[in-house]
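Student: everything below, folded, please.
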Amino acid sequence: MPKDISAEITSLKQRFGSRLCIMGHHYQHDMVVQHCDITGDSLELARRVAQVQAEHIVFCGVWFMGESAALLAGHNQRVYLPNPDADCLMSRMTPARLVRTVLEQLAAAGHPAIPLAYVNTDVELKAVVGEYGGAVCTSANARTMLRWALGQGERVLFLPDRHLGDNTATQLGIDPEERHVLRVGARGLVQPETQALNRRLLLWPGCCAIHARFSPDDVAAARATHPGCRIVAHPECREEVIAACDAAGSTAFLIKEAERLAAETPGCTLVVGTENNLVNRLAARHAKQCRIVPLGHAICGNMAKVTEKRLWQTLTALDCGTAIPVTVDENVQKPARLALTRMLAACGQ
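Tutor: Residues are numbered from 1 along each chain as shown. Have a look, this model is predicted:
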């Protein structure tokens, strides 16, 4: 291993030139982000993939993000992940076979649903969603996509994050009485005859372990510690947490909110409820204008698996011709891509 990995990465990037593009999610560590040509949230990165002309795309993020990039990339492009073991626990909460079974059970019971899948899902699940007429969404466009999905049928199955589904429904004015969190077991719906399957919005019982750990007590403690502060959080947090905050939104929203407050209210304190790598980056960026602190400890262990060393190893392997690209089973490519492109079309690309 070289003494100066950062310098080696810079040298490799220069060697590849326009043939290489490094993309990274906002939750990556600064040591990785410094090498990225494009950074963004899930929606921004999905939009940008189609615009990238480079032959090689190295995607610094978790597995499902690399799969989505591979689906949207051109035929002559290849996508690589610095660490294929960087997974997402929430994406594993919706096994494709189980979701298919539930959709079939709902239809058989006379309550067919349009599936709307959070982008934090694997390609097999996206394929099921595409097959059943549904689409993908991100935290940035959840309102747009839920409105779209409701226009496609009588009810929507939102999966896997029930908290994002709940918070988005509240924003759209969907009454809690029109929602139902499904009870799901290994074989599908648990005692479906006792469940309110006729509700307008059915929610899969999944969540993000990182954002779900925040509580209303954390919000109360932040207000006591920082009188007059403004508190914003990611909509993957529980609904009661969002209700106690001043605002909520995607990572892109949180970044813009920090920029706005730094410019308009210098000296203020902003408390941000999301993954700490992003919060720490915002704190450093706006240190001279305002104070930005995390709502609590929230580090995604899977995002942390993508390190500067791993990035260097991937670029070195790419330079030697031994890097292994992300591949997607041909049987699921078409419907999975359809679920993604429906989202991009509904959002005007």
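Student: what helix or strand is Ala117 on?
Tutor: Using DSSP states H and E, Ala117 falls within strand 114-118.
Student: check contacts around Ala283.
Tutor: 291-293 (Cβ atoms under 8 Å, 6 or more residues apart in numbering). Backbone N, C-alpha and C define where each C-beta goes, glycine included.
Student: with just CA atoms, put the strand holding Ala117 into CSV.
Tutor: Only the C-alpha atoms of strand 114-118 are listed here, as CSV (Å, rounded to 0.1, in the frame of the first residue of the first chain):
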residue,chain,number,x,y,z
ILE,A,114,-49.6,-0.2,-7.3
PRO,A,115,-46.2,-0.8,-5.7
LEU,A,116,-44.0,2.2,-5.0
ALA,A,117,-40.5,1.2,-3.9
TYR,A,118,-38.0,3.4,-2.2
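Student: who does that strand touch, helix- and strand-wise?
Tutor: Helices and strands touching strand 114-118, by 3 or more Cβ pairs under 8 Å, 6 or more residues apart in numbering; DSSP states H and E, are helix 123-131, strand 135-137, helix 142-150, strand 156-159.
Student: 6 Å instead?
Tutor: Contacts defined by 3 or more Cβ pairs under 6 Å, 6 or more residues apart in numbering; DSSP states H and E place strand 114-118 against strand 156-159.
Student: sec struct for Leu270, please.
Tutor: At Leu270 the chain is in strand, as set by DSSP: H, G, I helix; E, B strand; the rest coil.
Student: please settle this for me: is Ile292 part of a strand?
Tutor: Yes - under three-state DSSP, Ile292 falls within a strand.
Student: leaving out sequence neighbours, find the closest residue to it.
Tutor: Distances taken as Cβ to Cβ, 6 or more residues apart in numbering place Ala283 nearest to Ile292, at 4.1 Å, with adjacent residues excluded.
Student: distance of Ala243 from Ala224?
Tutor: Here Ala243 is placed at a distance of 18 Å from Ala224 (Cβ to Cβ, to the nearest Å).
Student: out of the two, which sits in the more crowded spot?
Tutor: More crowded of Ala243 and Ala224, by other Cβ atoms under 10 Å: Ala243, with 13 against 9.
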